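Asker: from the sequence below, what's the structure:
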Amino acid sequence: MIGKLEGIYAGTTPEGAALIDVSGVGYAVHVSSPTLARIAGPKKKVSLLIHTTVREDALDLYGFTSSEELVFFKQLMSVAGIGPKSALGILNLSDVAHLKRSIMQGDAAALTRVHGIGKKSAERIVVELRDKVASEKGAKAGTGGDAEVIDALLALGYRVEEARQTLKEIGDEGVGVSERVAAALKYLGSKHTSK
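Answerer: Numbering: from 1, shown residues only. You can find the predicted model right below:
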């Protein structure tokens, strides 16, 4: 399996894949439009993380300039019915941060702009990846246990925005995750009964 390629950008194939010249061998690597814009340039040195897909009749390479983009690509492919070409099509829409924000906000309509992804597939992506994306975002923000509390509230049917607002309201009430979840549920219960 090829995990990384370093070489010189040598144009594109007729199908639109980037050609990466590695010591005289040209690798055709499928990349998103934003990635192609970043790596294109005459004799430009390129380093790509690679995802290799092996099928009965083909060996395809998919390239990414960041590990975040590669991980998100793999997350997309973990959704039933989404293959590498559809996942790459989604990455063509926008940068990874914007796509994750759309998924967290439940914006399935944004994903239907990709050829081959209908309303049901887009909704499946949102449902299956929303929790993963939200917990990643919480972990990156350095909130530690906050991500686990948000995950618990999402599993109980609360929306991401509602879970975040609740965490702001309860502050550091409770030491462990279970105590914070209990405090969040108490807050949410009192909020709903006061309406």
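
Asker: so where do the helices sit in the chain?
Answerer: Taking DSSP state H, the helices of the chain run over residues 33-39, 67-77, 84-93, 96-104, 119-140, 145-155, 160-170, 177-193.

Asker: lowest mean pLDDT across these, which one is that?
Answerer: Least confident of the helices of the chain, judged by mean pLDDT, is helix 145-155 with a mean of 74.

Asker: mind listing what's buried along that helix?
Answerer: 145-154 (16 or more other C-beta atoms under 10 Å). Bear in mind the C-beta positions are built from the backbone N, C-alpha and C, glycine included.

Asker: skip the chain neighbours and tell me the closest residue to Tyr102.
Answerer: Not Tyr; residue 102 is Ser. Leaving out its chain neighbours, the residue that sits closest to Ser102 by C-beta to C-beta, 6 or more residues apart in numbering is Ala110, at 4.6 Å.

Asker: returning to what we had before: same list, the helices of the chain, but as a markdown table with distance to Gly11 please.
Answerer: Formatted as a markdown table, those follow (distance: least, C-beta to C-beta, whole Å):
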| stretch | distance to Gly11 |
| --- | --- |
| helix 33-39 | 11 |
| helix 67-77 | 22 |
| helix 84-93 | 19 |
| helix 96-104 | 26 |
| helix 119-140 | 32 |
| helix 145-155 | 43 |
| helix 160-170 | 42 |
| helix 177-193 | 52 |
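
Asker: please identify which of those helices is closest to Lys4.
Answerer: Between Lys4 and these, the shortest gap by C-beta to C-beta is with helix 67-77, which sits at 10.3 Å.
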